[in-house]
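Undergrad: sharing a model that was predicted from the sequence below.
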Amino acid sequence: MTLIAAILVFNLIVFVHEAGHFAAARLGGIKVVEFALGMGPKIIGKKFGETVYSLRAFPIGGFCLMLGEDEENNEPGAFNNSPIISKISSVISGPVFNIILTILIYSLVIAPVAAPIVGQVTKGMPAETSGIKAGEMIVGINDVKINEWKEMKPEIAKHEGEQITVTVEKNGVQREVMLTPVKNPGTDDIVIGITQKVGISGFSVKEGINTTYAVSKMMLSFLGQLVVGKADANEVSGPISILVYINEAAKAGFIKVLYLTALISLNLGIINLLPLPALDGGRLLFLFIELIRRKPLPAEKEGMVHFVGLIALMALSIFLMYRDIIRFNLMDIFR
């Protein structure tokens, strides 16, 4: 199920990106030939109006194919014949939609829930070794009934080095486990190795914008350090790494998946704005040149530049995937 969650998150982010291109293109009067989710051979496709909406065989990626995007076309609604503002908006809206998705997710106010529900279990700590799982509720410690999370800490603190009986409940079924609380080396607190479950308690666009801005600054700083050789290139994640991270987040719960979705969406938005061939930023660069020259560059020549850039990006993706395969044992990860 965690692998399915990883694929769903990845495709949600791609869908939002391509939906941005689609919405801006249609508003600008540009004809969209096909809007596809996935890559490879077409499984199913249905034409509504001028656009074919299709589902492709491989659930990775997607595209929004605009008429005349990489070639000369004299038909009405072709990208190459459209007003410059329509072309710029249709290209930039993909990354912008990704950034908007990030802001919306970060706008959710996350706070701990009052109930004594386990959010995460720390590896190697007493709770994990005794079999306590995330999502279970602590309802008793020895003979003391636990109703709220705040009641647990003082009760656990009484029993450093002593074996205790912890009663946990899930779906109305209770069970008892035996464990011994230990001292946390970092805080000297007496703990068993669990964290409190968190949930959504509000919505603040201001908070979402501020968080998105702060994370963007960190991403841009890393990219700058990478260019000048001050950052470790091994920290760059490939497609498999991204799926692995989503997979691990799915094991930790919905909130972790949500936050990682925001992070990946923002990363996709920022990377796509870089002025490199085949990326949206590269297309924007050509459009700004067109704006200055007051006439477009030949579509075939621009298309060839983007094609070469696409080959380079595919080669980089293959390299990163190869490195990820070496780094991770995928058969173990997705069991």
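TA: Happy to help now that I have it. Numbers count the residues shown, from 1 in each chain.

Undergrad: and Ala75, helix, strand or coil?
TA: Ala isn't right for residue 75; it's Glu. Using DSSP: H, G, I helix; E, B strand; the rest coil, the structure places Glu75 in coil.

Undergrad: surely it and Glu50 touch.
TA: No - contact criterion C-beta atoms under 8 Å: Glu75 and Glu50 do not qualify, at 10.6 Å. (Glycine included, C-beta is placed from N, CA and C.)

Undergrad: which strands and helices sit next to the host helix or strand of Ser265?
TA: According to DSSP states H and E, Ser265 maps onto helix 254-272. Judged by 3 or more C-beta pairs under 8 Å, 6 or more residues apart in numbering; DSSP states H and E, helix 254-272 is in contact with helix 2-27, helix 84-106, strand 198-203, helix 205-227, helix 239-252.

Undergrad: output the third one as PDB - backbone C-alpha positions only.
TA: The C-alpha atoms that make up strand 198-203 are tabulated as PDB, following Å, rounded to 0.1, in the frame of the first residue of the first chain:
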ATOM      1  CA  VAL A 198      -0.800  15.300  15.100                       C
ATOM      2  CA  GLY A 199      -3.700  16.400  13.100                       C
ATOM      3  CA  ILE A 200      -5.100  19.400  11.100                       C
ATOM      4  CA  SER A 201      -6.500  22.100  13.500                       C
ATOM      5  CA  GLY A 202      -6.800  25.200  11.200                       C
ATOM      6  CA  PHE A 203      -5.900  27.000   8.000                       C
END
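
Undergrad: quick check: mean pLDDT of it?
TA: Strand 198-203 shows a mean pLDDT of 84.

Undergrad: coming back round to it: run the chain-centre distance for the helix holding Ser265.
TA: For helix 254-272, the gap between its own C-alpha mean and the chain's C-alpha mean amounts to 3 Å (C-alpha atoms, centre = their mean, to the nearest Å).

Undergrad: ditto for stretch 279-292
TA: 27 Å.

Undergrad: for that stretch, give the mean pLDDT please.
TA: 92.

Undergrad: centroid-nearest residue for the chain?
TA: Thr261 (2.6 Å; C-alpha atoms, centre = their mean).

Undergrad: just name the shakiest helix or strand of this structure by mean pLDDT.
TA: helix 330-333 (a mean of 52; mean pLDDT, DSSP states H and E).

Undergrad: from His306, how far off is Ala299?
TA: Computed as C-beta to C-beta, to the nearest Å, the Ala299 to His306 distance reads 10 Å.

Undergrad: returning to what we had before: overlap of the contact sets of Glu75 and Glu50?
TA: With contacts taken as C-beta atoms under 8 Å, 6 or more residues apart in numbering, the residues that reach both Glu75 and Glu50 are Lys31.

Undergrad: now do the buried residues in the lengthiest helix in the chain.
TA: The longest helix of the chain (DSSP state H) is helix 299-327. Using 16 or more other C-beta atoms under 10 Å as the test for burial, helix 299-327 gives 299, 302, 305-306, 309, 320, 323-324.
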